[in-house]
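> need coordinates for the following:
(one chain, ligands or ions: 1)
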Amino acid sequence: MVDYLQLMADLFENFREIVAPDSPEADLLSRLDPSRLPRHIAIIMDGNGRWAEQRGLPRVEGHRAGSESVKAAIEYSARLGIKQLTLYAFSAENWKRPVDEVNTLWTLLRTYLRRELSTLMKHEICFRAIGRLSELQENVRSELVRAEKKTAKNTRMNLVIALNYSGRLELVDACNSILRSGVRTPVTEADLADHLYTAGLPDPDLMIRTSGEQRLSNFLLWQVAYSEIYFCSLLWPDFRGKSLLEAVLDFQKRDRRYGGIRTTYSTSTP
Ligand code: FPP
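Below you'll find the model as predicted:
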């Protein structure tokens, strides 16, 4: 009981700088159970284009506004004590978009990494990118490497950004990597997991998708086997810290059974 009260006090202390005592965010925080947080949250950040179109703006303005929601999701996750946040920022299929939009997305990402590196350091966040990164432009890759190197020793939270990412291609790449390793015995689940881009990282406990669409869109197909999925009707630029707290509260109402009949709560796979 004392531990729980201490965890709650720590949680409010972590948010003191950014959450006013009588705000809706404070109310949501008071309803969270700090001992039952998801360890890993993954987010499909959808709806930037529609957000812009609804305002008569070019689609790229939606992505610009969406990068403010990225900031909020990262800061709230770190302050909550989430150990890993994975964001789907550019799929292997997104190259089909108009070239101006694609270029803006890469510029936003590079700007974000340069501008927010100090925030990542302040919150002790370790940054990593996953996807077919070798196919990215040199000026993007160098920025990714710079951020990865600078934040490598941070341990409070892992921030993983999926770029030029496809869940199916990740499985193909894992299979080819196993073949290259010269394995001669039957491949196990653990072997496959060890050859994914996410090797060594925990599977998501909670997967969030914004914009009202209810599909996984080729994101972390292997890793979401037992994730709780939260579909939210807000468009990504409208999904800020308060919405993240609501998603975590919803997660805490779920009964995770992993195919069994257990009714007690757990955030880790058996
Ligand atoms: C989906 O919305 C969103 C994307 C394809 C890109 C996500 C990028 C950002 C949030 C900004 C930059 C990222 C970082 C990490 C700084 P959509 O364009 O498919 O929206 P729509 O379905 O309404 O068209």
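
> beta partners for the residue in the stretch 151-270 of the chain positioned nearest to the ligand?
The ligand sits closest to residue 161 of the stretch 151-270 of the chain, with a gap of 5.4 Å, by CB to the nearest ligand atom. Yep, even glycine has a C-beta here, placed from its N, CA and C like the rest. For residue 161, the beta-bridge assignment (DSSP bridges) gives partners residue 87, residue 129.

> near the ligand, which residues of the stretch 51-200 of the chain show up?
Proximity of the stretch 51-200 of the chain to the ligand (CB under 6 Å from any ligand atom) is limited to residues 63, 66-67, 70, 87, 89, 94, 105, 108-109, 112, 161.

> okay, now residue 212: neighbour count?
Burial measure for residue 212: 13 neighbouring residues, criterion other CB atoms under 10 Å.

> and for residue 37?
Other residues near residue 37 come to 21 when the count uses other CB under 10 Å.

> surely it meets residue 82?
Yes: the criterion here is CB atoms under 8 Å, and residue 37 meets it with residue 82 at 6.3 Å.

> sec struct for the closest residue to the ligand within the stretch 101-250 of the chain, please.
Using CB to the nearest ligand atom, the point where the stretch 101-250 of the chain gets nearest to the ligand is residue 112, with a distance of 3.6 Å. Look at residue 112: counting by DSSP: H, G, I helix; E, B strand; the rest coil, its state is helix.

> how close does it sit to residue 128?
Relative to residue 128, residue 112 is positioned 15 Å away (criterion: CB to CB, to the nearest Å).

> again with residue 146
Distance of residue 146 to residue 128, given as CB to CB: 13 Å.

> do the same with residue 151
8 Å.

> just residue 100 next, same as before
Between residue 100 and residue 128 the distance is 28 Å, computed by CB to CB.

> more neighbours: those two, which one.
When residue 100 is set against residue 128 and neighbours are counted by other CB under 10 Å, the residue ahead is residue 128, at 18 against 11.

> just give the nearest non-adjacent residue to that one, would you?
Counting by CB to CB, 6 or more residues apart in numbering, the nearest residue to residue 128 once its immediate chain neighbours are dropped is residue 160, at 5.1 Å.

> which residues touch the one you found?
Under the criterion of CB atoms under 8 Å, 6 or more residues apart in numbering, the contact partners of residue 160 comprise 84-87, 128-130, 198, 201.
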